[in-house]
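Asker: quick one, structure for this:
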Amino acid sequence: MFWGFRLEFKQSLRTKKLWVILGVMMLLYIPGFYLQKSSGQEIETVGQAVSTLINGINGLGSFFIGILALLIGATAINSEIEKGTLRVAMSKPIKRLSYIGGKFLAHTAVLLLALLLTTVIGIIGVVWLGAPVKGQLITDSLLLNGLLLLAMVQLVALGYILSTFIKSSNTALGVALVVMFVVFMIMPSVIQFMAAKDTLLSENPDWQAYQEKSKEYQTKYLFYVPTTQIDVIVSDATVIEGDIANPSIEYVGIGHAIKSNPTNLFNLAFLTLVYLAIAFYRFLRMDLR
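Answerer: Here you go, the predicted model:
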């Protein structure tokens, strides 16, 4: 397994799509801090700092790294078969389970590095904007990264399923992009409209009822969208009380948000295990010629 991990880790770090996606993400991410600084907006509390990280890392970062995760997984196996490198690897004294296990761990490590890079830049940005450097800032940043890593691992596992069922790597890439478009853009918009239709578009529009209904629908109908499940979880890191005109905002932390949403955390973990089980089983049984 270590042999497969080391080989795949080196290859993944040399792929152009990794650095292109990270480069594009940084070009869009970093200027946001500069614009916020130029406008005179400063961050004074840990809650404001983590909220900024959530908006940046969980928004822009998770979208781009999510694309990277799914694309990495979608070409993990079929591209090796096309190149003939998988047959060479299997000619060595290594079992299939060890090979795919090492490959999966390597991809997880690469995504973790990408998330950590994004987080480090995010923390530097919020500190530059005046955020206090406290233990809670680091702790909540790590918890947020843990959630995001679990989501990205789920997308890698989903990509593995595509890679083991679709022989052509180019076709698998196309299918992966369609999945990203439908899962990340179309379905969340449909669910948000359903929640708005039941609350805001009724005779007595109620914003609080919309938020509660949106959370309910996202948990129930978008359980297969890992980033949406994270959105639901981190939304409870801040408690808003009072009316719309004079809201009282209290930051309670990522840890509290995770404890408050066990169903969403279960959705993340359970589907990841299911996808991995399907992908590993398929790889162990498939014809590698």
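
Asker: give the buried residues for stretch 72-87.
Answerer: Ile72, Gly73, Ala74, Thr75, Ala76, Ile77, Asn78, Ser79, Glu80, Ile81, Leu86 (16 or more other C-beta atoms under 10 Å). Heads up, the C-betas are built off the backbone N, CA and C, glycines and all.

Asker: list the contacts of the nearest residue to Ile54 once chain neighbours are set aside.
Answerer: The shortest distance from Ile54 to any non-neighbouring residue, by C-beta to C-beta, 6 or more residues apart in numbering, is to Val234 (5.2 Å). If you count contacts by C-beta atoms under 8 Å, 6 or more residues apart in numbering, Val234 has them with Ile54, Asn58, Leu144, Leu147, Ile254, Ala257.

Asker: and the pLDDT for the residue lying closest to Pro205 once chain neighbours are set aside?
Answerer: Distances taken as C-beta to C-beta, 6+ apart place Thr199 nearest to Pro205, at 6.7 Å, with adjacent residues excluded. In the predicted model, Thr199 carries a pLDDT score of 85.

Asker: shouldn't Thr199 be in contact with Asp206?
Answerer: Yes - Thr199 is in contact with Asp206 according to C-beta atoms under 8 Å; the separation is 5.6 Å.

Asker: the two: which has the busier surroundings?
Answerer: Thr199 (19 against 12; other C-beta atoms under 10 Å).

Asker: how about the secondary structure of the residue located most distally from the centre of the chain?
Answerer: Computed with C-alpha atoms, centre = their mean, the maximum C-alpha offset from the centroid of the chain is found at Glu203, amounting to 37.1 Å. At Glu203 the chain is in coil, as set by DSSP: H, G, I helix; E, B strand; the rest coil.

Asker: how near is it to Ala195?
Answerer: When distance is defined by C-beta to C-beta, to the nearest Å, Glu203 is 16 Å away from Ala195.

Asker: what's the mean pLDDT across the host helix or strand of Thr118?
Answerer: Taking DSSP states H and E as the definition, Thr118 sits inside helix 96-128. Mean per-residue pLDDT for helix 96-128: 85.

Asker: show the subsequent helix or strand relative to that helix.
Answerer: Next in sequence after helix 96-128, counting helices and strands by DSSP H and E, comes helix 135-165.

Asker: that next one to helix 96-128, inter-axis angle?
Answerer: 140 degrees (axes from the mean of the first three to the mean of the last three C-alpha atoms, to 10 degrees).

Asker: in helix 135-165, what's buried?
Answerer: Neighbour counts using 16+ other C-beta under 10 Å place 136-137, 140-141, 143-145, 147-164 of helix 135-165 among the buried residues.
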